[in-house]
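Colleague: based on what follows, work out the 3D shape:
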Amino acid sequence: MPDTHYLYIEDDRLSREVIKLVMQDIMGISTLTIFENSENFLERLRNLPEKPNVVLLDIHVHPITGFEMLRLIRSQPGFERTKVIAVTASVMNEEVQKLRSAGFDGTISKPIDTTVFPTLLQRITQGESIWQIF
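Modeller: The predicted structure follows:
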């Protein structure tokens, strides 16, 4: 995981703080970029100094939803291998099917379980498709 670059888009302050704490302080990840909203998403994505290998997307972020951001990511050259994971509280079976059909590589339910999240993230970076819905 040391060469993995992460991008997290989340408009909830507490959720951002939890992910930042777990990824940076507990897991020692230094390559984490966080967007607090999805304004000018495509421009900000293109201007990142490193292309992310893993994007964690809140589905219900504004003004551009997670589904729309997924389509934008998938349309960009060089992002074909980027893992895009939905991070959402909407984890009913029909919602998960909608995420799969849209082309997400997996989902992690909120609130984040800080004891399980590091293992899930490691499995994602190893290429596994994670559909964690507690």
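Colleague: which stretches of the chain have low pLDDT?
Modeller: Scanning the chain for pLDDT under 70 picks out 1-2, 91, 132-134.
Colleague: assign the residue nearest the centre of the chain to helix, strand or coil.
Modeller: For the chain, the residue nearest the mean C-alpha position is residue 56 (0.4 Å; C-alpha atoms, centre = their mean). At residue 56 the chain is in strand, as set by DSSP: H, G, I helix; E, B strand; the rest coil.
Colleague: now the residue nearest to it when sequence neighbours are not counted: which helix or strand?
Modeller: Of all residues not flanking residue 56 in the chain, residue 8 sits nearest, at 4.4 Å (C-beta to C-beta, 6 or more residues apart in numbering). C-beta here means a position set from N, CA and C on the backbone, and glycine is covered the same way. Residue 8 belongs to strand 6-9 when assigned by DSSP states H and E.
Colleague: sheet-wise, list the partners of that strand with their directions.
Modeller: Its sheet considered, strand 6-9 pairs with strand 32-35 (parallel), strand 54-58 (parallel) by DSSP bridges.
Colleague: for that strand, buried residues please.
Modeller: 6-9 (16 or more other C-beta atoms under 10 Å).
Colleague: so which residues make contact with it?
Modeller: For strand 6-9, contacts defined as C-beta atoms under 8 Å, 6 or more residues apart in numbering pick out 16, 19, 23, 29, 31-35, 37-38, 41, 45, 48, 52-58, 61, 66, 69, 87.
Colleague: quick check: residue 38 touching residue 67?
Modeller: No: using C-beta atoms under 8 Å, residue 38 is not in contact with residue 67, being 11.1 Å away.
Colleague: looking at those two, which one has more neighbours?
Modeller: residue 38 (23 against 16; other C-beta atoms under 10 Å).
Colleague: the more buried one and residue 17: what is the separation?
Modeller: The gap separating residue 38 from residue 17 is 19 Å, by C-beta to C-beta, to the nearest Å.
Colleague: before we move on, what about residue 65?
Modeller: 22 Å.
Colleague: now residue 100
Modeller: 29 Å.
Colleague: who's more crowded, those two?
Modeller: Using other C-beta under 10 Å as the criterion, residue 100 and residue 17 rank with residue 100 on top: 15 against 12.
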